[in-house]
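Colleague: Next one to model:
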Amino acid sequence: MDLTAPRRHGPVSIRLVRQRDARGLQNELLSNRSWLRPWEATSPDGPVSFDMRLGVRRLLQQYRDGAGVPLVMEYDGELAGQLNVWGIARGSLASATIGYWVSERFAGRGITPTAVAMATDLCFTELRLHRMEICIRPENQASLRVVEKLGFRYEGLRRRYIHIDGDWRDHYAFALVSDEVPEGVLERWVTGQAPRDAAIVPPADRLPA
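Modeller: Below you'll find the predicted structure:
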């Protein structure tokens, strides 16, 4: 299985991160600080070193260990962001979680839903996973639109779930299982077959944005 070859749909592609991507990724992260900070994972133990070269090495080690698939998103061949498949569980669970960020200058071009769809299809077909999950802060309207477009199912509110932007934050959980999308997530979306109401959060779980 070769995950280094890019997966493409129109101008959007995803591929395995390379060590030489570290400088470009660090430049994008630094130039997008105010755009990304509200959604970035932090450590409850305090600030951590911001060294993208070390970060990429760790991500690639997780990939070699079978624990994750670190991808970059590109638009017309230009680096646009990252998409990480993490927490891969094998055996009876066969699941993983998707996280991502995109540079502000590329926002609004359909990059993220396209990349998430392709990555989910990759996990269902090539990695043979059964379930994919995305957890989103209630305030993150852009990410909520991604799961709405792709028809991810709402599964519940997770209180103080992940340490983000300096504190433990509530998240909404959304998921798909492979049986729900035999045609593929990307194909279902681009052909207009994704359910429109799967990602709706019930009133009892809605938090102020």
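Colleague: Does Leu186 touch Ala115 like I think?
Modeller: No - taking contacts as C-beta atoms under 8 Å, Leu186 lies outside contact range of Ala115: 9.8 Å. Backbone N, C-alpha and C define where each C-beta goes, glycine included.
Colleague: Settle it for me: which of those two has more neighbours?
Modeller: Neighbour count, other C-beta atoms under 10 Å: between Leu186 and Ala115, Ala115 has more, with 29 against 22.
Colleague: what's near enough to touch the more buried one?
Modeller: Residues near Ala115 by C-beta atoms under 8 Å, 6 or more residues apart in numbering: 12, 14, 71, 73, 81, 83, 100.
Colleague: burial of the nearest residue to Asn140 once chain neighbours are set aside, as a residue count?
Modeller: Leaving aside its chain neighbours, Asn140 sits nearest to Trp39 (5.8 Å; criterion: C-beta to C-beta, 6 or more residues apart in numbering). Residues near Trp39, counting by other C-beta under 10 Å, number 18.
Colleague: Trp39 and Gly91, how far apart?
Modeller: Taking C-beta to C-beta, to the nearest Å as the criterion, Trp39 is separated from Gly91 by 31 Å.
Colleague: All the helices of this structure, in order from the start?
Modeller: With DSSP state H as the criterion, the chain has helices at 22-31, 33-36, 52-64, 111-125, 141-150, 185-190.
Colleague: Run through who's touching the third one.
Modeller: What that stands for is helix 52-64. If you take C-beta under 8 Å, 6+ apart as the criterion, helix 52-64 is touched by 3, 16-19, 21-23, 25-26, 29, 68-70, 84, 86.
Colleague: Need the worst-confidence member of the residues you listed.
Modeller: By pLDDT, Leu3 ranks lowest within the contacts of helix 52-64, coming in at 76.
Colleague: who touches the closest residue to it other than its chain neighbours in this structure?
Modeller: Once flanking residues are discounted, Leu3 sits nearest to Leu16: 4.9 Å by C-beta to C-beta, 6+ apart. By C-beta under 8 Å, 6+ apart, the residues touching Leu16 are 3-4, 63, 69-72.
Colleague: and the residue nearest to His9 when sequence neighbours are not counted, how many neighbours does it have?
Modeller: Using C-beta to C-beta, 6+ apart and skipping residues adjacent in sequence, the residue nearest His9 is Thr114, 5.3 Å away. The number of residues packed near Thr114 is 26, by other C-beta under 10 Å.
Colleague: wait, doesn't Thr114 sit right on Val12?
Modeller: Yes - applying C-beta under 8 Å, one finds Thr114 in contact with Val12, separated by 4.3 Å.
Colleague: is the closest residue to Ser43 other than its chain neighbours in a bridge, and if so with what?
Modeller: Distance criterion C-beta to C-beta, 6+ apart; nearest residue to Ser43, sequence neighbours excluded, is His163 at 6.5 Å. On the basis of DSSP bridges, His163 is bridged to Trp168.
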